[in-house]
Structure formats: C-alpha cells, structure tokens
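In: I would like to see how this sequence folds:
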Amino acid sequence: MTHPFEPSAAIAHLKKRAQLLQKTRAFFMERDVLEVETPLMCHTSVTDPAIESIPVLFRDLSKTIDETKQYYLQTSPEYAMKRLLAAGAGSIYQISKAFRQGEIGRFHNPEFTMLEWYRVGFDHHALMDETCELLQTLLNISHVERISYQNLFERFIGVDPHKVTISELQHCAKELQIDVSGAIALDKAEWLNVLMSHVIEPKLGKDFPCFVYDFPVELSALARIMQGDNSNQPDYAARFEVYYKGIELANGFYELCDADEQRKRFLTNLAVREKMGLSPIPIDEYFLAALQHGVPDCAGVALGFDRLVMLALGLDKIQDVLSFDFKRV
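Out: Alright, predicted model coming up:
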C-alpha cells in the first residue's frame with residue numbers, strides 16, 4: 001500500500017527523466033540554440049476552440065493597479081517566444097510547464113511539460129530533419145517514417161482530404177461505425193479530426209516514429225499556406241505532426257508571420273468559440289505587434305516531453321513519469 005505523500009512516478013523513472021532533460025539541453029547547446037524562459041501567466045491565451053485555458057485571478061496588493069484582473073496559465077509558450085524572435089533572439093528553445101483545462105487521462109495531465117523550439121531559416125521539412133535527430137538521440141531509434149496527410153487518408157480512409165466533401169466524410173464515418181450522433185453540424189476540419197483520431201492515429205508509429213506532413217488548409221492553425229503546383233497538388237498547410245506507438249508526440253509548423261492573416265484567424269476562432277458557447281479570449285496584441293514588426297522566417301515545433309519520457313521508458317500512462325500527477329496535488 002502506498003502512502004498519500006509518495007510520488008506518482010518511481011524514483012528510478014524520475015532519474016531517467018533528469019537524464020533525458022540533460023541530453024535535450026546538450027542537443028540544443030551543440031547546435032547553438034538559445035534556451036529561454038517566458039511567463040507562465042499572461043493577460044491572454046490561445047483562441048483555438050479545441051484548447052481551453054485555465055484562468056487565474058491576480059490581485060495587486062501594492063494597490064498600483066486598483067483592480068482584480070483575470071490572467072491565463074499558458075497552454076504553450078509560443079506567443080511569447082515569437083516576441084523574442086521578433087526582438088532578434090535567433091533560434092531558441094524552451095522546456096516549460098504548460099496548462100490546459102479539462103485534459104486529464106492516460107496521456108494527459110492538466111499541468112505538463114512542453115519542449116518547444118524555433119529555428120530561424122528552417123522550413124517544416126528542415127525542422128522534421130532536426131526533430132528526427134532529437135528523437136534518435138533520446139529514444140535510440142534508427143528509423144522514422146514520413147507520409148503526407150493526403151497519402152495517409154488515401155491509405156486508411158480511401159479519400160483525398162484536400163478534395164473530399166463534408167457529406168463524403170460523414171459517409172466514411174458511418175461506414176467505419178464511428179458514433180457521430182449529434183455531430184451533424186461539424187465542419188470539414190472537425191470531420192477530418194474525427195477520422196484521424198478514431199481511425200488513423202491508433203495505427204501510426206507502431207514500430208518507429210511517423211511524421212505526417214502537409215495538411216489540408218482547413219487544418220492550418222498557425223502554419224503558412226503553401227500554393228500547390230497543379231490541380232493534383234492543391235494548396236496545403238505547411239505543418240507536421242509526429243506519432244509514435246499511437247501517441248501524438250509533436251506538432252510543428254513552417255510559421256505564419258503575416259500579422260493581418262493571423263488576426264483573421266484569431267477572429268475566425270473567436271466566432272467559432274461563440275458558436276460553441278465557449279468564453280471569449282482577448283486577442284494577443286503584443287503577439288500581433290511582433291508579427292507586424294517582423295518575425296524572421298522560421299519553423300517551430302512543440303513536443304510533449306512527459307510523453308517522450310513515457311515512450312523512452314516503455315510505460316503506458318503519463319502518471320508514471322510525473323513527480324505528482326493531478327490526483328496528488
């Protein structure tokens with residue numbers, strides 16, 4: 001019987017975690033990538049309807065600010081890191097705590113550790129190369145698979161995700177016996193995500209990491225939209241995701257650096273949040289000002305470090321690599 005004070009993870013697992021942290025820092029030091037720290041609590045957060053931030057209230061006891069103001073624990077250090085990029089920091093990385101509302105389970109904890117880095121002068125293919133090198137260093141793997149999002153859907157679902165209609169995606173879900181009751185109002189991006197999470201993700205990276213790249217424009221998030229060469233290669237979002245043993249491990253982008261386009265995407269997100277009954281999030285004007293000033297051409301990736309440790313140790317739940325999971329705090 002364990003005592004209530006004891007950690008979630010075995011001490012041996014925490015020692016291995018510390019070794020992986022040291023190797024990670026050595027990896028970036030060898031490449032002259034600067035380690036940075038940015039605030040965990042900010043006046044705003046992501047507008048993405050699929051991600052809920054945890055709000056906190058700050059009361060200024062010095063009375064400099066005569067009010068209690070709402071802030072947000074950050075779901076990612078991305079916006080602040082891009083402000084550093086705009087200020088001339090060059091290539092940077094951060095090993096940071098991140099927080100997400102309602103995310104708890106086998107692969108999720110409301111407070112988790114994220115490794116995020118940005119490489120000036122890289123596109124998403126160059127960053128895939130470097131991410132592969134990092135995984136080879138930390139997980140002792142010798143091989144990775146790379147497949148486009150289009151080829152992935154053609155292989156597992158039998159449709160071209162760039163050209164498929166919503167009604168065709170609904171039909172695919174029904175044929176694959178996915179329970180989508182009450183989901184008729186989903187847009188194309190949401191239907192693609194349903195099929196990806198229910199059908200494809202569990203089959204990815206069983207023996208070695210799988211890099212999925214070049215997403216439909218509906219799933220662009222913070223990625224650039226690239227023009228296709230011809231009718232057989234439509235416009236696509238320059239982003240990638242990494243899966244290993246059925247787990248989503250990393251999400252990378254050839255970063256969007258257009259302030260006007262970014263504002264449009266924020267406003268679209270806020271409209272969707274309102275439609276879903278979610279609370280509004282203030283647009284990060286500091287971040288948009290950085291884009292307006294000029295964020296250098298770069299690619300960035302966020303990697304779930306707790307999941308990486310879990311995979312390195314051959315464990316099957318995130319609680320086994322955390323000092324104290326959410327049930328013990």
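
In: can we go C-alpha only for contacts and neighbour counts from here?
Out: Will do.

In: So what does residue 238 have for phi and psi?
Out: phi -80, psi 80 (degrees, to the nearest 10).

In: how close does it get to residue 227?
Out: 10 Å (Cα to Cα, to the nearest Å).

In: And residue 258, by the same measure?
Out: In terms of Cα to Cα, residue 258 sits 16 Å off from residue 227.

In: So which of residue 238 and residue 227 has more stuff around it?
Out: The neighbour comparison of residue 238 against residue 227 (other Cα atoms under 10 Å) goes to residue 238, with 28 against 12.

In: measure stretch 216-225 end to end?
Out: Length of stretch 216-225, first residue to last, Cα to Cα: 9 Å.

In: swap that for stretch 255-264, sorry
Out: Stretch 255-264 has an end-to-end distance of 15 Å (criterion: Cα to Cα).

In: same check, this time on stretch 83-99
Out: 20 Å.

In: Pull out the buried residues from that stretch.
Out: In terms of neighbour count (16 or more other Cα atoms under 10 Å), stretch 83-99 has its buried residues at 83-86, 90-99.

In: can you check stretch 105-116 too?
Out: So, applying 16+ other Cα under 10 Å, buried residues of stretch 105-116: 107, 108, 109, 110, 111, 112, 113, 114, 115, 116.

In: Could you list the low-pLDDT ranges of the stretch 151-300 of the chain?
Out: 182-184, 230-232 (pLDDT under 70).

In: What sits closest to the residue minimising distance to the centre of the chain if chain neighbours are left out?
Out: Most central in the chain under Cα atoms, centre = their mean is residue 251, positioned 4.6 Å from the mean C-alpha point. Closest residue to residue 251 apart from its sequence neighbours, by Cα to Cα, 6 or more residues apart in numbering: residue 241 at 4.4 Å.

In: How about residues contacting whichever strand or helix holds the one you found?
Out: Using DSSP states H and E, residue 241 falls within strand 236-244. By Cα atoms under 8 Å, 6 or more residues apart in numbering, the residues outside strand 236-244 that reach it are 124, 128, 201, 204-217, 219-220, 223-228, 248-254.
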